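Colleague: Quick one, what's the 3D model for this:
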Amino acid sequence: MRIDPCFFCGRPAWPSKGITFMRNDGKSFRFCRSKCHKNFKMKRNPRKLKWTKAYRKNAGKEMVVDSTLQFAARRNVPTRYNRELVQKTLKAMERISEIRARRERVFYKKRMAGKKARELATARKLVANNEHLLPRLRGSEKRRLAELAAEQGVDVAELEESELAKQRAGKNKTKAFGGETRKIRVRTDGGVEEITERMEGHMGGGDDDDDDNDDDDDDMDTD
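Modeller: As a prediction, the model looks like this:
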């Protein structure tokens with residue numbers, strides 16, 4: 001059983017699956033799915049699409065030169081059927097796939113080495129360039145935190161960071177009205193529902209007063 005790669009994206013095109021396009025000159029093109037066939041008919045370049053093997057190879061994200069890749073090359077050499085040869089071939093295929101997977105993991109680790117440090121450096125540079133957009137404390141709050149740090153013997157910077165964190169957390173809370181808080185809840189089926197909760201001591205007292213006024217009005221009507 002021969003498994004040809006997709007002409008556009010490079011994924012395996014299994015027998016009886018996908019689409020086969022025969023050109024007038026007799027050349028055949030195998031596609032693993034209709035997505036690749038449509039992009040081929042639109043004359044798009046697979047090297048410019050990030051989800052294709054050609055793009056990943058050009059970007060250095062996959063192995064290009066490796067001895068295990070040579071075994072997957074197409075060979076049109078007829079051989080006589082032999083049961084022992086078939087068994088050895090199947091064992092060799094499993095072994096080659098294991099070796100290739102191990103080498104791909106090593107290649108990925110080498111490629112991703114130092115990524116966290118680069119991301120951290122980029123984030124620090126972004127913060128340094130946009131420092132004027134960060135929230136700041138007022139002078140009175142700084143003096144209060146300095147006095148509190150002197151009393152407790154704590155570093156002032158830690159108190160300022162904790163105070164800024166509290167301010168950011170307070171900004172994330174959204175209120176519908178004066179005594180109501182809006183929350184978003186994720187259900188078990190994957191849906192999202194919005195719940196509005198009423199704060200105690202804000203809206204409840206007004207309703208009681210209205211009820212008392214209604215009772216007084218009823219008493220006045222009976223008289």
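
Colleague: show me where pLDDT drops low in this structure?
Modeller: Scanning the chain for pLDDT under 70 picks out the ranges 1, 135, 137, 167-182, 186, 190-192, 198-223.

Colleague: can you give me the helices in it?
Modeller: Shown for the chain, the helices assigned by DSSP state H span residues 34-41, 53-58, 83-112, 115-129, 139-152, 156-172, 204-222.

Colleague: tell me which residues of the third one are tucked away?
Modeller: Going back to what we said before, that points to helix 83-112. 96, 100 (16 or more other C-beta atoms under 10 Å). For every residue, glycine as well, the C-beta is placed using N, CA and C.

Colleague: Of the helices of the chain, which is nearest residue 68?
Modeller: Evaluated with C-beta to C-beta, the helices of the chain place helix 83-112 nearest to residue 68, the distance being 4.3 Å.

Colleague: Could you name the helices and strands sitting against the closest one?
Modeller: Contact here means 3 or more C-beta pairs under 8 Å, 6 or more residues apart in numbering; DSSP states H and E; on that basis helix 83-112 packs against no helix or strand.

Colleague: still on that earlier bit, can I get the helices of the chain in CSV including distance to residue 196?
Modeller: Rendered in CSV, the data for the helices of the chain read as follows (distance: least, C-beta to C-beta, whole Å):
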stretch, distance to residue 196
helix 34-41, 43
helix 53-58, 47
helix 83-112, 45
helix 115-129, 36
helix 139-152, 32
helix 156-172, 17
helix 204-222, 15
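
Colleague: who wins for proximity to residue 3 among these?
Modeller: Short answer: helix 83-112, nearest of those by C-beta to C-beta, at 11.3 Å.

Colleague: For residue 10, which of the helices of the chain is the nearest?
Modeller: Among the helices of the chain, helix 53-58 comes nearest to residue 10, with 2.9 Å by C-beta to C-beta.

Colleague: list the contacts for residue 21?
Modeller: Residues touching residue 21, when contacts are defined by C-beta atoms under 8 Å, 6 or more residues apart in numbering, comprise 28-29, 31, 37, 40.

Colleague: Filter those residues down to the buried ones, PyMOL style.
Modeller: The buried subset of the contacts of residue 21, as determined by 16+ other C-beta under 10 Å, is captured in PyMOL by this line:
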select buried, resi 29+31+37+40
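
Colleague: Which one of the contacts of residue 21 is nearest to residue 52?
Modeller: Taking C-beta to C-beta as the measure, residue 52 lies nearest residue 40 of the contacts of residue 21, at 11.2 Å.

Colleague: The closest one and residue 70, how far apart?
Modeller: Using C-beta to C-beta, to the nearest Å, residue 40 is found at 27 Å from residue 70.

Colleague: go on, residue 81?
Modeller: Distance check for residue 81 against residue 70: by C-beta to C-beta, it reads 24 Å.

Colleague: Looking at these two, which is more packed in?
Modeller: residue 70 (9 against 6; other C-beta atoms under 10 Å).

Colleague: Roughly how far does that one sit from residue 106?
Modeller: 18 Å.

Colleague: Look up the closest residue to residue 155, ignoring the ones flanking it.
Modeller: Taking C-beta to C-beta, 6 or more residues apart in numbering, and ignoring the residues beside it in sequence, residue 155 has residue 149 as its nearest neighbour in space, at 6.6 Å.
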